[in-house]
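Novice: From the sequence below, what's the structure:
(one chain, ligands or ions: 1)
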Amino acid sequence: MTSDQTHVIVGAGLAGAKAAETLRNEGFDGRVVLVGAEDVRPCERPPLSKDYLRGEVGRDKVYVHEEDFYAEHEIDLLFGRSAVSLDTGRRELALDNGERLRYDRLLLTTGAEPRRLSIPGADLDGVLYLRSVGDSDTLRARLDRGGSIVVVGAGWIGSEVAASARQRGLEVTVVEPASVPLERVLGPELGAFYRDVHTDHGVRLLLGTGVEAFEGSQEVARVRTSDGGELDCDLVVVGVGVEPRAELARQAGLAVDNGILVDEHLQTSVTGVFAAGDVANAYHPFYGERIRVEHWANALNQGPAAARSLLGGSDAYERLPYFFSDQYDVGMEYTGFARSWDRVVFRGDPATREFVAFWLLKGRVVAGMNVNVWDVTDAVNSLVRERLPVDERRLADPDVPLDAVASPAGGGVS
Ligand SMILES: Cc1cc2nc3c(=O)[nH]c(=O)nc-3n(C[C@H](O)[C@H](O)[C@H](O)COP(=O)(O)OP(=O)(O)OC[C@H]3O[C@@H](n4cnc5c(N)ncnc54)[C@H](O)[C@@H]3O)c2cc1C
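Specialist: Have a look, this model is predicted:
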């Protein structure tokens, strides 16, 4: 090594592991330390609610890198180790074994953790959450026993667990306070599409319904719902969203508000300290505001972008949000970020389960979702980026290429 600098990454998930890889790819030859609280090497999480959970693929599918990658690239992977405090004045990090690590640059990729319910019975055995490989292993073992499962929350994790449990032959009931699944992100039209997908696969959906308590002597045996109902079950999975793991940053005095606040270069309020992935609430030049994205592609790309910033690069991170989900035989990709919209336009019939949906605001596409239609994300990305007014009839017509749907009267929006 010719550099005597040490760069430390806290959080050995996808963002952290890809950042470490990027430091080496960019030619940094000082010390790289990757600290991770989990007792396994860095993992990808999407399979944990899908094929890995169903037992269709093994551990190899979930690791970000081959086992010897870290040694081969001289990355000191300290897994099973937590960073417990940070002193940005001394540029020093304390680990849970008492070790102190001095750094020149620091990257925080501490991710997010499931929001916990604090209702009666929340600590009973069999009330499970899903984030880590270990969580997925525990859940898989419970699914192997069969029986009936109640899924609390019809967001992405809840919906995917419901689908996987159904595919494994369990009786599945989903309890969700909103009027359709995935309503917060997708709205009523596309939420209704997912409602029908689940109902067609035999899932019982209790919509507009909350959960009051879990009951049982040691193991959960029953769920009490807000409408006074009781659901017998062998198992509960709670999927009611995640919280960014920003405690280390907050205690160190970094600016934190719905995650660690970072600028477009992913630098925090303290020079030389960066954040990326689920934990980062990042200023996005395209949207002109901060957004925190809890999706795989964001961790995959923001980790490397933060590593380049940490080495002195000056590129802003401005990729559009993108995510995917697989439920039964319904695969989808979503591009963009629709906080509000006034129209949803369909290209294709949702009943055929092959279509593209577009969310429009004032005649411009703000997001698009392709369902069982592939190779269109670049075109959807361009539509969102260009912000050109579109002709709704052309947008809805599968015979019109997506790069030819601009309204003839159109002009850009600054
Ligand atoms: C079951 C599941 C399925 C998903 N499916 C999809 C999908 O289909 N599509 C999609 O787009 N996204 C999906 N996601 C979301 C995606 O996996 C996340 O956005 C991504 O994992 C975020 O990566 P990250 O590296 O930012 O954080 P994480 O993956 O959360 O990694 C952060 C790591 O930091 C560690 N850590 C935290 N604090 C400390 C500390 N103080 N010291 C040391 N280590 C620490 C944590 O233990 C963790 O290992 C899914 C998520 C889950 C849980």
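
Novice: all contacts plus neighbour counts: C-alpha atoms, from now on.
Specialist: Will do.

Novice: Name the residues of the longest helix along the chain that are buried.
Specialist: Ranked by residue count and defined by DSSP state H, the top helix of the chain is helix 183-200. By 16 or more other CA atoms under 10 Å, the buried positions in helix 183-200 come out as 183, 186-188, 190-198.

Novice: ok now it, how far from the chain's centre?
Specialist: Computed by CA atoms, centre = their mean, to the nearest Å, the separation of helix 183-200 from the middle of its chain amounts to 19 Å.

Novice: which residue is nearest the middle of this protein?
Specialist: His295 (2.9 Å; CA atoms, centre = their mean).

Novice: That one contacts Ala280, doesn't it?
Specialist: No. His295 lies out of contact with Ala280 (CA atoms under 8 Å); the separation is 11.6 Å.

Novice: And Ile75, how close does it get to Ala297?
Specialist: Distance, Ile75 to Ala297, by CA to CA, to the nearest Å: 23 Å.

Novice: Tell me which residues touch Ala338, please.
Specialist: When contacts are counted by CA atoms under 8 Å, 6 or more residues apart in numbering, Ala338 is found next to 185, 359, 366-367.

Novice: Could you work out the most separated pair of the residues you listed?
Specialist: Val185 and Val366 (12.7 Å; CA to CA).

Novice: Spell out which parts of the stretch 151-300 of the chain neighbour the ligand.
Specialist: Applying CA under 6 Å from any ligand atom, one finds that the stretch 151-300 of the chain approaches the ligand through 157, 277-278, 294-297, 299.

Novice: Counting neighbours, what do you get for Val150?
Specialist: When counting by other CA atoms under 10 Å, one arrives at 25 neighbours for Val150.

Novice: partner residues bridging it?
Specialist: Thr173, Val236 (DSSP bridges).

Novice: so who does it touch?
Specialist: 172-175, 223, 231, 233, 235-237.

Novice: let's see it at 7 Å
Specialist: 172-174, 233, 235-237 (CA atoms under 7 Å, 6 or more residues apart in numbering).

Novice: what are the bridge partners for the residue in the stretch 301-414 of the chain positioned nearest to the ligand, then?
Specialist: Residue nearest to the ligand within the stretch 301-414 of the chain: Phe323 (3.8 Å; CA to the nearest ligand atom). Note on Phe323: beta-bridge partners by DSSP bridges are Tyr334.

Novice: so what pLDDT did it get?
Specialist: At Phe323, the pLDDT value in this model is 98.

Novice: Does it touch His295 like I think?
Specialist: Yes. Using CA atoms under 7 Å, Phe323 makes contact with His295 at a distance of 6.0 Å.

Novice: which residues of this protein score low on pLDDT?
Specialist: 1, 409-414 (pLDDT under 70).

Novice: how about 80 then?
Specialist: 1-2, 408-414 (pLDDT under 80).

Novice: Tell me where it has helices.
Specialist: Using DSSP H, helices in the chain cover 14-25, 69-72, 133-144, 156-167, 183-200, 247-251, 296-310, 377-386, 392-396.

Novice: Would you mind putting the CA coordinates of the third one into CSV?
Specialist: The C-alpha atoms that make up helix 133-144 are tabulated as CSV, following Å, rounded to 0.1, in the frame of the first residue of the first chain:
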residue,chain,number,x,y,z
VAL,A,133,-31.0,-13.7,6.3
GLY,A,134,-31.5,-15.1,9.8
ASP,A,135,-35.0,-13.6,9.9
SER,A,136,-35.7,-15.3,6.5
ASP,A,137,-34.3,-18.6,7.8
THR,A,138,-36.6,-18.5,10.9
LEU,A,139,-39.6,-17.6,8.8
ARG,A,140,-38.9,-20.3,6.2
ALA,A,141,-38.7,-22.9,9.0
ARG,A,142,-42.1,-21.7,10.2
LEU,A,143,-43.6,-21.8,6.7
ASP,A,144,-42.3,-25.4,6.4
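
Novice: quick one: buried residues of it?
Specialist: 133, 136-140, 142-143.

Novice: possible to save those as a markdown table with distance to Thr268?
Specialist: As requested, those are exported to a markdown table (distance: CA to CA, whole Å):
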| residue | distance to Thr268 |
| --- | --- |
| Val133 | 29 |
| Ser136 | 32 |
| Asp137 | 35 |
| Thr138 | 36 |
| Leu139 | 36 |
| Arg140 | 38 |
| Arg142 | 41 |
| Leu143 | 42 |
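
Novice: which of those residues lies closest to the ligand?
Specialist: Once CA to the nearest ligand atom is applied, the member of those that ends up nearest the ligand is Ser136, at 7.5 Å.

Novice: So that closest one sits against Leu53, correct?
Specialist: Yes. The criterion here is CA under 7 Å, and Ser136 meets it with Leu53 at 5.8 Å.

Novice: what sits against Ser82?
Specialist: 35-37, 95-96.

Novice: Which of those are buried, as a PyMOL select command?
Specialist: Here is the PyMOL command that selects the buried residues among these (16+ other CA under 10 Å):
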select buried, resi 35+36+37+95
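
Novice: Redo the contacts of Ser82 as CSV? Include distance to the ligand.
Specialist: Putting the contacts of Ser82 into CSV (distance: CA to the nearest ligand atom, whole Å) gives the following:
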residue, distance to the ligand
Val35, 5
Gly36, 4
Ala37, 4
Leu95, 8
Asp96, 9
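
Novice: Which of the contacts of Ser82 fall within strands?
Specialist: Mapping the contacts of Ser82 onto strands (DSSP state E) picks out 35-36, 95.

Novice: Looking at those residues, which one is closest to Pro401?
Specialist: Gly36 (45.9 Å).
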